Structure formats: structure tokens, C-alpha cells
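Chemist: Kindly return the folded structure for what I paste below:
(one chain, ligands or ions: 1)
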Amino acid sequence: MTASSELILKLHNYFSDRQSQIEAFIAELVSQESPSGDIEGSRAVVDILATAAKGLRCVTEIERVEVPDFGEHVVIRAFHNQPAGDRIMLVGHTDTVHARGSLAQRPVRIEANRMYGPGTFDMKANCVLAIEILRSFDELGMTPRNGVTLVLTCDEEVGSYSGWPLMEEIAKNEHPKAAFVMEPPGSGGPENRHAPGRPVGPRTAPGDAGRAFRLGRC
Ligand SMILES: [Zn+2]
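Modeler: Prediction:
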């Protein structure tokens, strides 16, 4: 799809106007520490995301998947009235590599127009942006060509032992047209070997999304 300049301007204005709310949303998520295996932190982060998603008209289902002794994965489905083969997966994670207590040493803050705080970059800001993109469809009265399945796992930083099988199962059941990994780029930029944000491939075979996700830079 080629976006018209009118649409690009509309989106630019929408997100510019919403910047402070998006920053507050990211700050709220980062303020709940969620190192891998922290059940309480994982649930708290999923609570925030699920509450935000619940308020969106385009969201058709929010599935919370309990991971014993670990926390919760969350699967948010939007625009699922589209034909099954026209869906896309957005893949991310809610766990971080930062131990509980990191926030006290490095609080959420904005310096020189950049936002900092444990797990902001990898990858709570992107979890928020995924929700905000869905919100923009609601607010601007738009319907995408593809249904969206947003999968956020809670064990990516320690090997995706539960998250990967979940993503494989979703890919197998929903046959998405493509899966996009929301992992942020490293200093090498988007051309680094993990190619964050790149579609995993057309007609993603079961497992591809999970594999790419597991290899994502963290
Ligand atoms: Zn990551």
C-alpha cells in the first residue's frame, strides 16, 4: 500500500499531538519493572497494556496466557474480521534484562529529546507504540487491509522457551501473511543481522516468527 501525502500528514499531526500522552504511557510501563521471571512485574505490565487495549474499538480479543513461575504472555487481536490469510503478526516482549531496583538508580527521564529508563529501548516503548498505532486507527476512523495479532511474550530475554511455542501455535492457526519483529535496532542500524522491523516473510511458515523473535537483539 502506498500512503498518500495527505494520509502521511494526517498521521504525522495525530502522533505529534499525542506525543506527551505516548511518553506518559511509556513512562508508566517502564515504571513497572519486569525482569524475566518476575511474576508480579510481568502481570503489572500486562495489566497496563491490556487496560489500554481494552479501551480500543478495533481490539476484538485480549488473551492473557499464564506462564507458571514466570508471568504472563499477552495476545491482542484487532481487526480480526479480516479474512484469516490477510492477517499480520506483530511480535514483541514485555520482559527486560534489568534487575528489579534498576529503576531507582536510573529513573525514567527525558534528556536531549531522548527517553531513558530500564527497558525503554528494549522494548517497552515499542509495546506502547503497537497499542498507539491501533489507537490511531480508532481515532482517525481507518481500517487497515490486514487484521493484526500483537503477541507480547514474557520470557524473550531468557530464551523464549514458552513464548516461542506460543508464537508457533498462533502462526500455525492464523496463517498470517507476514510477521514483524518489533525489536529495536542496535548501533548497526536496521541492516544488522537481526534486521528488526523486517517482515519475517510472506506466508510465514509456522515457527519462523518465533525463530526470528528469539534471535532478536536484546
Ligand atoms: Zn528485546
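Chemist: Next, the contact list for Glu61, please.
Modeler: Glu61 makes contacts with Val75, Ile76, Arg77, His80, as judged by Cβ atoms under 8 Å, 6 or more residues apart in numbering. Glycine gets a C-beta too; all of them are placed from N, C-alpha and C.
Chemist: Which ones among those residues map onto helices?
Modeler: Among the contacts of Glu61, none falls in helices (DSSP state H).
Chemist: you'd agree Glu72 is in a helix?
Modeler: No: applying DSSP: H, G, I helix; E, B strand; the rest coil, one finds Glu72 to be strand, outside a helix.
Chemist: tell me which element the residue lying closest to it once chain neighbours are set aside is part of?
Modeler: Once flanking residues are discounted, Glu72 sits nearest to Val46: 4.7 Å by Cβ to Cβ, 6 or more residues apart in numbering. Take DSSP states H and E as the rule and Val46 turns out to sit in helix 39-54.
Chemist: list the helices and strands that helix packs on?
Modeler: helix 19-30, strand 59-67, strand 71-78, helix 125-140 (3 or more Cβ pairs under 8 Å, 6 or more residues apart in numbering; DSSP states H and E).
Chemist: and if we set it to 6 Å?
Modeler: strand 59-67, strand 71-78 (3 or more Cβ pairs under 6 Å, 6 or more residues apart in numbering; DSSP states H and E).
Chemist: Other residues contacting that helix?
Modeler: 28-29, 32-34, 59, 62, 71-72, 74, 76, 94, 131, 154 (Cβ atoms under 6 Å, 6 or more residues apart in numbering).
Chemist: swap in stretch 72-83?
Modeler: With Cβ under 6 Å, 6+ apart, stretch 72-83 has contacts from 42-43, 46, 53, 58-66, 134, 147-154, 166.
Chemist: Among the helices and strands packed on helix 39-54, which comes closest to Asn126?
Modeler: The closest of the helices and strands packed on helix 39-54 to Asn126 is strand 71-78. By Cβ to Cβ, the value is 13.6 Å.
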